[in-house]
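K.L.:
sequence plus the predicted model coming up.
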Amino acid sequence: MKLPAFPAARRAVPAVAAGLALALTACSGGASTGAAADDPNAPLLVWTDSTRQPAFEAYQKANPDVKMKIETYDSAALLTKIQLFNRTGKGWPDVLFDAVPNEVASLSSKLFDYAQPLNDLVPADVQKNFGTANAGCTIDGQLYCLKNDLAQSVLWYDKTLMGEFGYEVPKTWDEYAALGQKVAAEHPGYIIGTAGFKFVYYDFFWSSGCPLQTVTGPQQVKIDTKDPKCTRVTNLLDPLIEKGVVSRSGPFDADVVKLGKEKKILMMPGASWYGDFVFKPESSYALPQGRLAAAPYPTWSGESKAWSGATGGGIFLVSKHSKNKKGAAAIAQWMATDPGVQAEAPTYPAYGPAAEAWAAKRADDPFYAENPIPALKAQADLINPAESNTAYGVEDAITGTVVAKVRAGGTLADGMEDLQAQLTQLAQSVGYAVN
Amino acid sequence: MSSRRRGTWTGLLFVLPYIVLLVAFGLGPAAYAVYTSFVVSAPTGDALGLDNYAATLGDFRFWPAAANVALFLAIWLPIMVVGVLALALLLHDRPSRFSGVMRLVYFLPGAVTGSAGILLWYCMLEPSISPFGPALRAMGFERGSDVFADSNLVLIFAGIAFITGAGQWIVIMYGAMQNIPEDVLEAAALDGAGPIRTAIFVKLPLVSKYVLYMVILSLAAGLQLFVEPQLIYGITKTAGSPWWSLNQFGYALAFQTGNFGGAATISLILLVLSCVAAMLFITRTDFFSTEVDR
């Protein structure tokens, strides 16, 4: 309500934008099909976040002949922008870094019609070296993206505290729960994890293989919050939340940050990037040197493997509308696989050989009480393949149901029925069959 | 007759630029939305006729969003009307340098860009960063999620919308009161009316058309509530949802799932609601009646 005469104007922005987008459809011919031959000299538009920007610039420097334009973009508006480009028939970035890996399912769908299959554009041996890392990029047999980094979950813990309290690092979730009860009794005020943020999906439900996003075929998904693999998560966490040892807030909420600064976080199941980006920074938990360590993820009872979830892990995509697909794919491949670039990357590289170079650089970081690399490496191959990417986001439904219940003082179990209903409708609204 | 016709043409000339803009950015898109809502299919298949409307009304996100917006309006509109009028009357009662300063003070929050204003409000309400942190904690709000709990959101949005939006209307109401002839007020004073009686029985009836104008425009604006819930969810990542309000839901449909047909139905539902409300206000009151009609 900025201008009194047109108070509706400010709120009407999205409506107007939608209207314009629709009007533009009418004017533009359909999207280009990309059937034209590849032009190796065609200029390439690169969209990246600011973290990856210097690496793209390094590529430009090393390859001055390639005509590149590197731009940063607003991640929240990506799908909107692609929709608009589809309607105007131009403007797509040729190479895209996307920090939200789930979006590959949308971007490769008929509706968005953006992602170029890379099977023939990236050499087979390079594809092979990714191991299982590109699993989420492969949809209906086609490789639609290259994974930049892995966000496999590990069990972060404060080694100094563990020693002081005389506790053993848990190897199974049952041990984790038992230790939680002990902490609640012997050291109230300390926490062993958080549940009040959407990451509860990645850290626990995904790792357990709870079918929330289990893609069973093209446009088919299994959603079953009553599955024992779901209820074992709520059965594990709800009593610990009740006791206060698993926080009702999220890892970035002010009260958890305060606990971090007070060195009251005994353990925290979380992504591979928590060490450098959640525990280390001054503005975050600012844990002193020589305390933090990473352990392999605990195993769910009945499972033979210690499955991780995955909290993010960026991807590189190439536009199917690009006039220079080979050039675009070369940039994406270099960004994802170059050992020089990836060794300096802030997060755990998805590309096996680059991960070695990355690990070598970090093995003796004095911030860690012991080398975290073995745990990170062990979990890199153990991201639970049960969950996959879907053409609709699940995070908002997680936030609106189980997370909302926990934050408001209830239990995760309270929100499971709503979660089932919301995910089912979300899936159906974009044409998935739910089974 | 001829002079009357000339008057018509001059009038048309004056409103022509507005009509052009209205057609280009108002009626045109609205007509296209009507077309879209009946013809453009959802990503799930071929929607024709009323399919989009059925899908939208049956969506799990629609009715909660509608309830949120209704509750928002029920709280915000009365606050707007009473608050704006009360402050404008106070300003008008004792014209002085002080009231001039206060007029500016009331106007200032509205002069902050909408989105920036909301960020400002977030910072004031989040106990861990707010300068009023101790006061918030004293009232039992220990964490951000205590403040931004689902049950509080509608109050918070209504409060933000009032503070950022009231200023301009106070200035407009004050302007309207300035138009009240001095002799009318003098006559009222001679008849023994104090400031309160003058306000209620003389000033208010004379500015009632402006009040209606404010209610109609505010209702249309409130129905389209978007920025407040969108930004607060974007910042907190936990308070509300990307489909807390109807306009947000339409935005999510169009741009997250490419369902332009569904989004068009929402914008039309909003359009119909505000038009019906405006018609009711206009026909049930003497908003547009002139001396001749009476």
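P.N.:
In hand now; what should we look at?
K.L.:
what residue ranges in the chain score low on pLDDT?
P.N.:
You didn't say which chain, so I picked chain A. A:1-36 (pLDDT under 70).
K.L.:
that's the wrong chain, I meant chain B
P.N.:
Chain B contains residues with pLDDT under 70 at B:1-6, B:41-48, B:287-294.
K.L.:
so how far is A:Arg232 from A:Pro281?
P.N.:
Separation of A:Pro281 from A:Arg232 (Cβ to Cβ, to the nearest Å) stands at 34 Å. Yep, even glycine has a C-beta here, placed from its N, CA and C like the rest.
K.L.:
swap in B:Gly167?
P.N.:
From B:Gly167 across to A:Arg232, the span is 55 Å (Cβ to Cβ).
K.L.:
same question for B:Phe157.
P.N.:
From B:Phe157 across to A:Arg232, the span is 39 Å (Cβ to Cβ).
K.L.:
how about A:Gly400?
P.N.:
23 Å.
K.L.:
comparing the two, which residue is more hemmed in?
P.N.:
Neighbours were counted for A:Gly400 and for A:Arg232 using other Cβ atoms under 10 Å in any protein chain shown; A:Gly400 has more, 25 against 19.
K.L.:
can you tell me the SS state at the closest residue to that one other than its chain neighbours?
P.N.:
Spatial nearest neighbour of A:Gly400, excluding adjacent residues (Cβ to Cβ, 6 or more residues apart in numbering or on different chains): B:Ser241 at 4.8 Å. Going by DSSP: H, G, I helix; E, B strand; the rest coil, the secondary structure assigned to B:Ser241 is coil.
K.L.:
pretty sure B:Ser241 is touching A:Thr399, no?
P.N.:
Yes: between B:Ser241 and A:Thr399 there is a contact at 7.0 Å, judged by Cβ atoms under 8 Å.
K.L.:
quick one: residues contacting A:Glu387.
P.N.:
Counting by Cβ atoms under 8 Å, 6 or more residues apart in numbering or on different chains, A:Glu387 touches A:206, A:209, A:212-214, A:309.
K.L.:
err, B:Ala111, not the other one
P.N.:
B:Gly167.
K.L.:
can you check A:Ala62 too?
P.N.:
A:Ala62 neighbours (Cβ under 8 Å, 6+ apart): none.
K.L.:
any idea how far it lies from chain B?
P.N.:
Distance from A:Ala62 to chain B, counting by Cβ to the nearest Cβ, to the nearest Å: 36 Å.
K.L.:
same check on A:Tyr157?
P.N.:
25 Å.
K.L.:
near chain B, which residues of the stretch 201-350 of chain A?
P.N.:
Taking Cβ under 8 Å from any Cβ of the partner chain as the contact definition, the stretch 201-350 of chain A meets chain B at A:248-250, A:253-255, A:258.
K.L.:
in a markdown table, list those along with neighbour count and secondary structure.
P.N.:
What follows is these, written out as a markdown table (neighbours: other Cβ atoms under 10 Å in any protein chain shown; DSSP: H, G, I helix; E, B strand; the rest coil):
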| residue | neighbour count | secondary structure |
| --- | --- | --- |
| A:Arg248 | 23 | coil |
| A:Ser249 | 23 | coil |
| A:Gly250 | 23 | coil |
| A:Asp253 | 23 | coil |
| A:Ala254 | 16 | helix |
| A:Asp255 | 19 | helix |
| A:Lys258 | 14 | helix |
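K.L.:
relative to chain B, which of these is nearest.
P.N.:
Using Cβ to the nearest Cβ, A:Ala254 is the member of these that sits closest to chain B, with 3.3 Å.
K.L.:
so that closest one makes contact with B:Arg143?
P.N.:
Yes: counting by Cβ under 8 Å, A:Ala254 touches B:Arg143, with 6.8 Å between them.
K.L.:
what is in contact with those two at once?
P.N.:
Going by Cβ under 8 Å, 6+ apart, residues that sit against A:Ala254 and also against B:Arg143 are B:127-128.
K.L.:
could I get the buried residue list for the helix or strand harbouring B:Trp169?
P.N.:
B:Trp169 belongs to helix B:150-178 when elements are defined using DSSP states H and E. The neighbour-count check on helix B:150-178 (16 or more other Cβ atoms under 10 Å in any protein chain shown) flags B:150, B:153-154, B:156-174, B:176-177 as buried.
K.L.:
what is that helix packed up against?
P.N.:
helix B:62-93, helix B:97-111, helix B:114-125, helix B:204-223, helix B:227-236 (3 or more Cβ pairs under 8 Å, 6 or more residues apart in numbering or on different chains; DSSP states H and E).
K.L.:
tell me where the stretch 101-250 of chain A has strands.
P.N.:
Ranges of strands in the stretch 101-250 of chain A, per DSSP state E, counting those that start in this stretch, are A:138-139, A:142-143, A:146-147, A:153-158, A:193-194, A:214-217, A:220-222, A:246-247.
K.L.:
packing partners of the third one?
P.N.:
This points to strand A:146-147. Looks like strand A:146-147 contacts strand A:315-318, helix A:325-337 (3+ Cβ pairs under 8 Å, 6+ apart).
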